[in-house]
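Enquirer: Would you be able to build a 3D model of this:
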Amino acid sequence: MRSRAAAFPLLAVLSWGVMFPVLASALARVDPLNLTTTRYVLATAVLIALLLLREGLPSLRPGGRAVEIVVLGVVGFAGFNLLTNLALEHATPQQTALFVATTPLVTQLVRWARDGVRPRPALLALSLVALVGVGLVITRGSLAGLDRFGVGGLMMIAAVLGWAIYTHGGSRFVGWSPLRYTTLTATAGTLAMLAASAGADLAGVQHLPAAADLVAVAPQLAYAVIVAAVIAVLAWNTGVRRLGSANAALFMNLVPVTTFAVQIARGYRPTAIELVGAAVTIAALVAANLVTRARMVSRRSEPETTAVADPVAVVDPVAVVAR
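Expert: Got it, this is the predicted structure:
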């Protein structure tokens, strides 16, 4: 695995790791549904503008795949983001981020169930090792922290499963650019968010945020839209295309480690077991890189007819990849 290619998903996961504390601070002024909806209305507007500039008006047509686009957009795009923000009301950012570390495992299992692509034993094992390291970081060697997660944990399990189903769906749109696929599913997901937020507002479950509240969280929104929803995903999908979905997904184990580091910068002091967990996670990623590099070298020595392409299955909801 070339170091330059690995730098792309690394940049993405570091940005997303910072995002959890950022969003948690914004929830003090704006409720989860309205915050998520506002964020993705802005992100989708950027995506539509980019798609029109790059591919023209015809690219906004679903091409006979409207039902599939709506299902994937609602299940993955809206589901993952709404459930994640709701979970942040029940748990700390680092606890929530822990569940994101299950993405490599869930992604490989979804591919196995959907396409019959059996996970490579080495990468599956290293994913488990990295997840164990993350668990040590977050729980400090005790499962008590996860027991307190409760409802938030269930939300995150559903969120990650929805994310895996959505992102795997990208591999079925081989004739589309990633920008077109993500823009149309983002539009469907955002419309679902708008409907959910409007219903909750009318039912009195939440209240439409005042202009002063949105101004107060403007810095958090700017980071979540520009950095986490544009720059980071551009880097992520570039890395996915160069490394393959299973290999790039391993980097998601660094999301909770990064979140934890942000909390340390804010005054939290880690224990020895937490530092050991971080070292285990990083070591597992390095080992995965070495295993993949050895496999790539072995492949180059084989006849071209034996090569097997690893389809890209991990596509972020707001991915912008230049082609």
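
Enquirer: The strand or helix carrying residue 193: how far from the chain's middle?
Expert: Per DSSP states H and E, residue 193 falls inside helix 178-203. Computed by C-alpha atoms, centre = their mean, to the nearest Å, the chain-centroid distance of helix 178-203 equals 17 Å.

Enquirer: Mind listing what's buried along it?
Expert: Going by neighbour count (16 or more other C-beta atoms under 10 Å), the buried part of helix 178-203 is 178-193, 196-197, 200-201. No exception for glycine: its C-beta is placed from N, CA and C like everyone else's.

Enquirer: likewise stretch 82-100?
Expert: 82-88, 90-100.

Enquirer: show me where pLDDT drops low in the protein?
Expert: Along the chain, segments meeting pLDDT under 70 span 1-3, 143-149, 245-246, 289, 292-323.

Enquirer: Which parts of the stretch 101-250 of the chain are helices?
Expert: Taking DSSP state H, counting those that start in this stretch as the criterion, the stretch 101-250 of the chain carries its helices at 103-115, 121-139, 144-147, 151-169, 178-203, 211-216, 218-222, 232-243, 245-249.

Enquirer: out of the ones you listed, which comes closest to residue 78?
Expert: Residue 78 lies closest, by C-beta to C-beta, to one member of the helices of the stretch 101-250 of the chain: helix 178-203, at 3.9 Å.

Enquirer: what helices or strands is the closest one leaning on?
Expert: Other helices and strands packing on helix 178-203, by 3 or more C-beta pairs under 8 Å, 6 or more residues apart in numbering; DSSP states H and E, are helix 32-55, helix 66-72, helix 79-87.

Enquirer: rerun that using 6 Å as the cut-off
Expert: Counting contacts by 3 or more C-beta pairs under 6 Å, 6 or more residues apart in numbering; DSSP states H and E, helix 178-203 is packed against helix 32-55, helix 66-72.

Enquirer: most neighbours per residue, which of those?
Expert: helix 32-55 (a mean of 20; mean count of other C-beta atoms under 10 Å).

Enquirer: before we move on, back to that, tell me which of the helices of the stretch 101-250 of the chain sits nearest to residue 11.
Expert: Residue 11 sits nearest to helix 232-243 of all the helices of the stretch 101-250 of the chain, at 4.3 Å, using C-beta to C-beta.

Enquirer: could you check the angle helix 151-169 makes with that closest one?
Expert: 50 degrees (axes from the mean of the first three to the mean of the last three C-alpha atoms, to 10 degrees).

Enquirer: how much distance is there from helix 232-243 to the middle of the chain?
Expert: With C-alpha atoms, centre = their mean, you get 12 Å for helix 232-243.

Enquirer: Could you quantify the relative orientation of that helix and helix 32-55 as an angle?
Expert: Computed by the same axes, to 10 degrees, the angle between helix 232-243 and helix 32-55 is 60 degrees.

Enquirer: Buried residues of helix 232-243, list them for me.
Expert: 232-243.

Enquirer: just stretch 282-289 next, same as before
Expert: Here stretch 282-289 shows 284-285, 287-289 as buried, counting by 16+ other C-beta under 10 Å.

Enquirer: how about TSV for the residues you listed, with secondary structure and distance to residue 120 added?
Expert: What follows is the buried residues of stretch 282-289, written out as TSV (DSSP: H, G, I helix; E, B strand; the rest coil; distance: C-beta to C-beta, whole Å):
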residue	secondary structure	distance to residue 120
284	helix	14
285	helix	15
287	helix	13
288	helix	10
289	helix	14
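
Enquirer: Residue 11: which of those is nearest?
Expert: The closest of these, once distances to residue 11 are taken by C-beta to C-beta, is residue 285, at 14.2 Å.

Enquirer: mind listing what that closest one touches?
Expert: residue 250 (C-beta atoms under 6 Å, 6 or more residues apart in numbering).

Enquirer: let's see it at 8 Å
Expert: 126, 130, 250-251, 253-254 (C-beta atoms under 8 Å, 6 or more residues apart in numbering).

Enquirer: what do you get for residue 239?
Expert: Counted by C-beta under 8 Å, 6+ apart, residue 239 has contacts 5-10, 12, 248, 251.

Enquirer: Emit the ChimeraX select command for whichever of these are buried.
Expert: Buried residues among those (16+ other C-beta under 10 Å), as a ChimeraX selection:
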select :5,6,8,9,10,12,248,251
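
Enquirer: Residue 64: which element?
Expert: Residue-wise, residue 64 maps onto no helix or strand under DSSP H and E.

Enquirer: shift numbering so it begins at 652
Expert: Sure, I'll start counting at 652 from here, so that last one is residue 715.

Enquirer: just to revisit the earlier point, same list (the helices of the stretch 752-901 of the chain) but as JSON lines, adding distance to residue 695.
Expert: Output for the helices of the stretch 752-901 of the chain, formatted as JSON lines (distance: least, C-beta to C-beta, whole Å):
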{"stretch": "helix 754-766", "distance to residue 695": "23"}
{"stretch": "helix 772-790", "distance to residue 695": "31"}
{"stretch": "helix 795-798", "distance to residue 695": "34"}
{"stretch": "helix 802-820", "distance to residue 695": "15"}
{"stretch": "helix 829-854", "distance to residue 695": "5"}
{"stretch": "helix 862-867", "distance to residue 695": "17"}
{"stretch": "helix 869-873", "distance to residue 695": "14"}
{"stretch": "helix 883-894", "distance to residue 695": "13"}
{"stretch": "helix 896-900", "distance to residue 695": "24"}
